[in-house]
Every structure is written in C-alpha cells, then in structure tokens.
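[1] Attaching a predicted model along with its sequence, questions to come.
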Amino acid sequence: MSKKVPQDANSKQLVRSKMNFRESAKIAFYALIVIFIAVIVVIIWKIYLDNEQQGLSNIGEAQDLPYSRYSRGNGKIYYLKVGSGYYDVDSADAGTFKAFNTVNDRGTMGKDARHVFFKTAIVPGLKPEEVIYMGNNFCKTKHGIFYGNTHLKTADSASFHYIRNYYAADGKHLYYKQNVVIGADANSLQAIIYDTEHGNPPDEYIRDRNHVYFRGICIKGAQPSAFTFLKVEDDAWDTQYAFDGVHYFNEEHEVLVDQDEAKTQLKLLSLDKGFGWYGIFYQGTEIYCYDTDRHELVFMGSRDNSTPFSKIDRGIFTDNRHLYFTFGKWNRSGGRMPQYIGHTTGLCVVKEANPHTFKAAGSFVTQNKIEGTLYRSGKLTYFHPSFHAQGNYSPGLMLMKADGTTEQLPTNDGLSKFIRDDSGTSIFSLQFYKNLLKADSVYDDY
C-alpha cells in the first residue's frame, strides 16, 4: 500500500489563495448586483416622485390672473408650477379669490373671502382683511411680517420695507426671502450700477458700504463702490455678470484664471448670446469662454499676439493685426431624432480682411429677409446680421456674394469649445446621479 505524499507549504498556500480569490470574486459579483438593483430603485423612485408631483397640463378655458401664477377656470383656482403643470387650490373660493401681485411680481400669494394662500396652501392664522401685501411674498400683518407662510420673527414691523425682487429690510437686518442676510448693513444699502438705457435692473444683486450680495450670498472680494451689472446681449435666461473695476463675476462666482496670481489680468471680450453663447474672456494671448453651469473658465486656444481687443460691432472685433468674428452653435446628436447635447462658442480670424480697411458700407436686407450691415475690406464684402434665427445662432460675420446671398466664413481654424450640457449626462456618469437628487430650479423656488 503506497503512502500518501503530503502537500508542501507552497501548494497549500496556492490552494488557499485560489479559494480566497473565488470567494472575493463571488462577494464582488453579489455586491455589484446589489448596487445595480439599488440604482434601478433610485431611478424608479425618482421617476415616480416626478410623475406624482406633475400637475395638469391643460385646464381648458381659464382666465390668467395678471402678474401671478394663478388662473381661474371651471369654477376653481389653479396654481401654475413651471415645468410641472397646474395644481388645484382646493380650499380657494373661485368667486372671491384675488392674487396678491404688483407689476413684475411673481404672484405666488393670493386671498379669498376667508383665507390667505401661499402657492396652493392656506397660510395658517392670517386673515385676508388684515394683510398688507408689500411685494414678492412679503406681507405685513398685525401679527408681524411674513414671507409666504413663514413668520419673520426677527423683523421689526415699524421699519420693515420691501426693496425689490426678494429683498426687504428693517432698521437692523437685510432679508432675502425668509432669511436674514448675515453681516449686511441695513442702513447703507444701495442699488447696483447698471445701464439704465439698455439693461434690466440687476434685481438679484444688492450692496451695502462693505459688501455685495447675490441672492443673499456675500460675494467675497467684490468692491461695492464700483460694482456694475453687465448687460448680456440677446439674453432670455437671466444670465448674471458683473464687474467691480478689477474682477468679473458670474452670479456670486469670481471669473478667474487659476494661475493668475495677480487676479487683475483677465479682460472681457464679449457677452452675447446671439453671436456666440458663453461669455468670452482673454488674458494676454489666451482666449477663454465661461461655463455658467460649472462656473469655470474653459481654455479655447491662443492667438498670435497680446494686443487688447477693440469692438467694431456685435460679434466683430480687432486687435489691429487681425479681424475676428464670434460664432455659436447648438450641438445635437442622435440620428433621426437628434437631441440637444450642448453649445459651442468660438472666435475666428477673417484671413482675407484687413482690419485697417474694414469699413461699414450701409444697411442691407438679404434674400432671406435678414436685416444687417454691409462691411467692406479690399475687394470683398461682408454681411453682419442684426437678427439671428431662434436656436440656430448666426456668426458675427458672413461673406456677401455677388448675387446677394451670404456664405458662411470658414471656422475650422478658429478657437472654439464645445461644452456638454449636464442635464443630458450618461447613466454611467456621477453627474447623472447627482442630477437625480438635484432640487427643483432656483427660479421656481419662491
């Protein structure tokens, strides 16, 4: 009978390693299954909540109450939440209901003969005959000051006054909506400087003697005395840019090149939604566009000199060496049913044009009924449109042909950047899951 030869130590270790590997692989496999199931549950839960929160898309023939989100129809009062639909204000008496509003107000409060409402709900304890509406959800009552359904317990009724937008103040505090703006000097508040002829008032900003605030947030480093709101051409998205004489800001964020230690070198080229999309900045030879979603400068490329730009017309610039035009594009992807995926912003040299001989030559209307201005340089004629097609942005400059039609100038050698829209991210990206849990837009957070 032969003896069984024992395994040596190395063989036993190898067997144990293989067993451990199999166990680890099995655990990892089950963990991935659990994670996958959890992700599916989160997605289904989010979709369910979104559908659960959807209002009516059609309320038939209804009368919109001016400067408000309320409508009257079918013997009921409805409240419109942007992006979700109409909601029945169950307890409201349609016959006596009135919206609280002023011109340019958001109109998210109202009253009937018995109750005061904020959005769709009754504000407990408030009687309609006792409420003095001040604007944008601020109300004065014998019980004190309210913002919507929130009692501002620190507010002094005697000195409390509405300023504009969502700002109000008393003798001690500045308020943004229902919140006290910490550190603000209520006795030195001033309006922000802006172009009164061509721009809308910068309602999101306010300043005191020491600081500037955006939606109640203190902007670090901003100089209040020179803080100026900047106009964005063709803007319908409430884009907020400002300049304090040294620094540029988008909302409460400073627009800054990371390696710029002096923090004074960045210059603005263009804020124009019509002939571009994103704001374009430059620092020496380097050209940037500003991503307003991620709040960061994005490098587009470099030019061959650092001479400051000067503006000729919207979307047309020169640095005395070259003539440039800006352009923007909607980017779509998806074959037969393309979906919006982001924007491209660009800056391009007009190679055949001499900036020193480039001159305006009068107004013109193309065969496509687009109004604009003719420019000439040498033997070539160019067309600058004063109108751009909705959703398909025109370049700042096009070549004018002899038959009166226009031709796109080449942009292949231009400096441009495509920035992908976050809202359409892949399910395999972290941003997709962040978006799932993201709160509703701040513009509907009244």
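    It's in. Computed from a prediction, not measured in an experiment: that's the story for all the values here.

[2] contacting residues for Gly110?
    Contacts were defined as Cβ atoms under 8 Å, 6 or more residues apart in numbering; by that measure Gly110 touches 65, 68, 70, 77, 89, 92, 97-100, 116-117. For glycine as for every other residue, the C-beta is placed from the backbone atoms N, C-alpha and C.

[3] Backbone dihedrals for it, please?
    The phi and psi values for Gly110, taken as degrees, to the nearest 10, are phi -160, psi -180.

[4] mind checking how far it is from Cys139?
    Using Cβ to Cβ, to the nearest Å, one obtains 11 Å as the distance from Gly110 to Cys139.

[5] Look up the residues that both of these two are in contact with.
    Going by Cβ under 8 Å, 6+ apart, residues that sit against Gly110 and also against Cys139 are 100, 116.

[6] Kindly report the domain assignment for the protein.
    For the chain, the structural domains run 91-153, 256-427, going by automatic domain parsing.

[7] Just give the number of residues close to Tyr375.
    By the measure other Cβ atoms under 10 Å, the count of residues near Tyr375 is 24.

[8] Is Lys26 in a helix, a strand, or coil?
    Taken by DSSP: H, G, I helix; E, B strand; the rest coil, the conformation at Lys26 corresponds to helix.

[9] returning to what we had before: which of the contacts of Gly110 has the largest number of neighbours?
    When neighbours are counted by other Cβ under 10 Å, Tyr70 leads the contacts of Gly110 with 29 neighbours.

[10] and the helix or strand containing Leu32, average pLDDT?
    Secondary structure from DSSP states H and E places Leu32 in helix 9-52. Looking at helix 9-52 alone, the average pLDDT works out to 72.

[11] again with stretch 77-96
    Computed over stretch 77-96, the mean pLDDT rounds to 93.

[12] quick one: pLDDT of Phe428?
    According to the model's per-residue confidence, Phe428 sits at a pLDDT of 50.

[13] In the stretch 301-446 of the chain, where is pLDDT below threshold?
    When the per-residue scores of the stretch 301-446 of the chain are filtered using pLDDT under 70, the ranges that remain are 387-393, 423-446.

[14] should've said the stretch 151-300 of the chain
    Judged by pLDDT under 70, the stretch 151-300 of the chain has its weakly predicted residues at 259, 261-263.

[15] Which secondary structure elements does the helix or strand containing Phe325 sit against?
    Using DSSP H and E, the element containing Phe325 is strand 323-333. Using 3 or more Cβ pairs under 8 Å, 6 or more residues apart in numbering; DSSP states H and E as the contact criterion, the secondary-structure elements in contact with strand 323-333 are strand 316-318, strand 339-349.

[16] about what we covered before: distance between the helix or strand following the helix holding Leu32 and the chain's centre?
    Toward the C-terminus, helix 9-52 is succeeded by strand 63-64 as the next helix or strand (DSSP H and E). Taking Cα atoms, centre = their mean, to the nearest Å, the mean C-alpha location of strand 63-64 is offset from the chain mean by 29 Å.
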